[in-house]
Every structure is written in C-alpha cells, then in structure tokens.
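*Asks:* Sharing a sequence plus its predicted fold:
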Amino acid sequence: MMDEAGVTAGLTPPWCRADGLPEVPADEPFGYMQGGRLKPCSAEKLHEVVSSSQVATVTFVWTPETEGLEPAAWVPSLAGPVRRCQRQELTVGLLNGLCLVGFGWMSWGIGSLGQGDAAGWLAGVFVLVGLIALGQAVWSWKRPADATPSEDGLLRFRFAAWLTARPNRYTLALMVCAFAPSLVAVFAGLEEAVDAAGLVRAEVAGGEWWRLLTYGSLHGGAMHGVMNAAVLFAVGGLVEALLGWKRLVAVYVGGVVVGGLATWWWPVSDLPTVGASAGVLSLVGALLVVGVRWRAWLPRRFAWSWVAVVVLTGGVGAVLPGMIDNVAHGGGLMAGLVMGWVLTPRDAARGPREPAWPVGLIALTCLLAQVGAAVWVLWRVLLR
C-alpha cells in the first residue's frame with residue numbers, strides 16, 4: 001500500500017526512522033556526533049568544537065537542554081557560536097571562490113597568448129573549483145545556519161549523519177583503479193601511456209576494443225587525475241551508500257564503456273580520449289534518478305543539486321570544447337540515467353540492500369574488468 005507521495009507503508013529508509021540515531025550516554029551530559037560516532041566531552045570542549053571549523057563535520061550534539069541528539073544550530077546555547085563560525089566560513093568561501101575564478105581567467109589569458117594547452121587545462125580546473133566554491137558560499141548565505149527547527153532540516157541532518165557512518169571501500173577501490181595508473185604514467189611518460197592504453201580511435205577501429213575501458217584509468221595529467229578522483233570519491237561514496245556496491249560498480253563501469261563508445265562513434269577531435277569523467281557522470285545520472293524516484297524520502301532539492309552539477313559540467317565543456325570530451329560526458333550521463341532507472345528500487349528502504357543475483361554477477365564482472373583494465377594499463381605503461 002502506498003500513499004500519494006509514494007511511501008510504502010511499514011517500509012522506511014534508515015535515515016528517516018525515529019530510531020535511526022543512536023542513544024546518547026546517560027552518564028555523559030555533553031557531547032557531539034562526528035563521523036558517525038558519539039564523542040562525549042565537557043561543556044567547554046563542545047563550545048570549542050562548534051565555534052571552530054570542526055562544526056562543518058559535526059552532525060548532532062547533545063546537552064542537558066536536549067532530549068537526545070539535535071543539530072547544534074537548534075540548541076539555544078550553541079546557536080550563536082555556530083552562526084559566527086558559519087559567517088566566517090561564508091566570507092572565506094566567497095574570497096576563495098573569487099580568487100580561484102580570477103586565477104582561472106588569468107590562466108585562460110596565458111593560454112590564448114600561445115602558451116600551450118596546459119594553461120587551458122589549468123584555467124578550466126580553477127574556474128570550475130572557483131564556481132563550486134562560490135555556489136556553496138551563496139547557498140550558505142541563503143540558508144545560513146539551519147537555525148529554525150523544521151522537518152526537512154531534521155531529515156537533512158539525519159541523512160548526513162547516516163551517510164558519514166556508511167563504508168565506501170568499493171569507491172576507494174575504483175579510485176585506485178582510476179588514479180594509480182595515471183600517477184605511474186605521469187612519471188613513466190604520459191604521451192606514450194596514452195598511445196598504449198588511451199582511447200585512440202584508429203586503434204579501437206582496428207580491433208583493440210579493450211581501450212573502451214582502459215582509457216578511464218588514464219588522465220591528461222596529475223591535476224586532471226586528482227580532480228576526477230576527488231569527484232569520484234564524493235559521488236561514488238553517495239551511490240555506494242544509497243544503492244550498494246554492486247550497483248555502484250555496474251553504473252560506473254557501464255558509464256565508462258558507453259562514454260567511450262559514444263566518443264568513438266561521434267569524435268569531437270582527432271586527439272585520444274582519457275579520463276574517468278564518463279564513469280563519474282554516469283554515477284551523477286544515477287543520483288538524478290534516485291533524487292526523482294525517492295523524493296519523498298530525501299531532503300528537498302536533492303535532485304536539483306545534481307542537475308546543477310550537470311549544468312556546471314556542461315558549461316565548462318562549452319567553454320573548453322577542445323580540451324573536454326563532451327560526447328564522452330554525455331554518453332556517460334545517459335548511461336547513468338538508463339541504468340539508474342533500471343537498477344534503482346522504487347522503495348528507498350530497499351536501496352542499500354543487495355540486489356538480485358544477476359545484478360551481482362554483472363557487478364562482479366565489471367569490478368574484475370575494471371581491476372584488470374588498471375593492471376593492463378600499468379603493464380603497458382611500464383613495458384614501454
């Protein structure tokens with residue numbers, strides 16, 4: 001039986017349940033929750049934590065004023081320090097965002113004077129990171145401290161607390177597969193590595209189909225690899241928590257392959273394609289589906305936040321069309337939307353559970369293929 005919002009009676013995801021948060025120690029009057037763990041402390045220590053940069057990682061606190069765990073901004077004695085700390089972080093975020101965007105435009109000017117593609121890559125990275133920092137700062141300014149207790153605010157805090165306690169070991173494994181060969185290639189010879197295992201269209205047409213997977217384990221430089229690894233860590237960890245490791249691996253590897261097929265079929269340039277971005281955008285597409293299908297259980301604007309990621313990525317791709325393979329990005333995104341629609345349960349309570357065995361078999365095959373691709377890239381790079 002389902003209500004109008006699509007919530008199945010009797011089935012509730014763990015972050016929505018009233019008993020989803022742990023009981024606070026009866027003999028400890030003060031403390032906070034950080035990284036999914038309860039940390040008892042003194043009243044002075046609690047004020048020190050919520051007045052420092054650590055407040056961003058503190059999901060809940062408890063004091064004699066509360067009946068259990070509550071957001072720090074909702075506790076009257078802590079609301080002032082929390083707001084002051086968040087105002088300071090807002091100022092720093094705005095300044096950092098403006099500096100990064102300005103530095104990016106300076107790098108763009110250097111690139112336009114003929115200083116090479118490296119300056120263009122640097123410009124794209126700094127502008128992207130700067131725009132993200134500005135967006136986060138503006139969002140914090142619109143909703144400075146979540147100081148007003150509300151049902152949606154409590155849901156967001158519970159969701160954040162649940163996420164911090166979830167393991168992400170398979171996301172870390174994918175990061176290693178995507179970044180370790182790139183790091184070796186930077187020192188062993190990047191151009192030779194790309195020729196050996198990147199998506200070189202003529203070689204794919206000649207029968208080397210394995211390049212449709214191995215190109216995701218190479219990047220155009222250390223900065224490119226670090227940026228993709230960081231985004232994969234954030235996005236992949238969320239998919240692993242919500243949908244489980246099997247769906248994570250299937251969606252990521254499927255996105256890499258479909259993105260490779262798309263750019264091989266509709267090439268935007270004669271240059272080889274490298275990078276894990278197609279797989280990352282495939283995960284973003286799956287999260288878009290999750291946000292729409294589970295909208296009754298998730299914080300408001302969850303889906304819109306991933307729409308913003310897609311728009312921002314597309315905007316950067318439009319500004320740097322010769323350096324970013326928009327076709328691969330689009331192919332990965334479409335693969336994620338399709339696979340997310342097929343693999344995402346309609347009931348959020350069943351999301352983190354293990355899927356049926358065919359999905360598990362596909363995921364295991366994809367995981368072995370991804371590990372094999374990384375090892376193959378390393379072997380090809382070191383052999384040359």
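*Replies:* It's in. The structure displayed is predicted, hence computed values, not measured ones. Numbers count the residues shown, from 1 in each chain.
*Asks:* Can you list the low-confidence ranges for the stretch 101-250 of the chain?
*Replies:* Applying pLDDT under 70 to the stretch 101-250 of the chain flags residues 104-125, 128, 136-149.
*Asks:* Grab the longest helix from the protein for me.
*Replies:* Ranked by number of residues, the top helix in the chain under DSSP state H is helix 76-112.
*Asks:* Give me the packing partners of it, helices and strands only.
*Replies:* Applying 3 or more Cβ pairs under 8 Å, 6 or more residues apart in numbering; DSSP states H and E, one finds that helix 76-112 contacts helix 43-50, helix 117-142. C-beta: built from backbone N, CA, C; applies to glycine.
*Asks:* Doesn't residue 39 lie inside a strand?
*Replies:* Yes. Counting by DSSP: H, G, I helix; E, B strand; the rest coil, residue 39 is found in a strand.
*Asks:* All the helices of the stretch 101-250 of the chain, residue numbers only.
*Replies:* Using DSSP state H, counting those that start in this stretch, the helices assigned to the stretch 101-250 of the chain run over residues 117-142, 151-164, 169-188, 190-197, 201-205, 211-214, 222-243, 245-265.
*Asks:* most packed of these?
*Replies:* Mean neighbours per residue, mean count of other Cβ atoms under 10 Å, is largest over those for helix 245-265, with a mean of 26.
*Asks:* what angle separates that helix from helix 169-188?
*Replies:* Using axes from the mean of the first three to the mean of the last three Cα atoms, to 10 degrees, the direction of helix 245-265 lies 40 degrees away from that of helix 169-188.
*Asks:* which strands and helices sit next to the next helix or strand after helix 245-265?
*Replies:* Per DSSP states H and E, the first helix or strand lying C-terminal to helix 245-265 is helix 277-293. Judged by 3+ Cβ pairs under 8 Å, 6+ apart, the packing partners of helix 277-293 are helix 222-243, helix 245-265, helix 302-319, helix 326-343.
*Asks:* Make a markdown table out of the ones you listed and add distance to residue 68.
*Replies:* Shown next, in a markdown table, are those (distance: least, Cβ to Cβ, whole Å):
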| stretch | distance to residue 68 |
| --- | --- |
| helix 222-243 | 23 |
| helix 245-265 | 31 |
| helix 302-319 | 25 |
| helix 326-343 | 35 |
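*Asks:* and of those helices, who's closest to residue 98?
*Replies:* helix 302-319 (16.8 Å; Cβ to Cβ).
*Asks:* What mean pLDDT does that closest one get?
*Replies:* Averaging pLDDT along helix 302-319 gives 84.
*Asks:* List the buried residues of it.
*Replies:* 302-303, 306, 309-310, 313-314, 316-317, 319 (16 or more other Cβ atoms under 10 Å).
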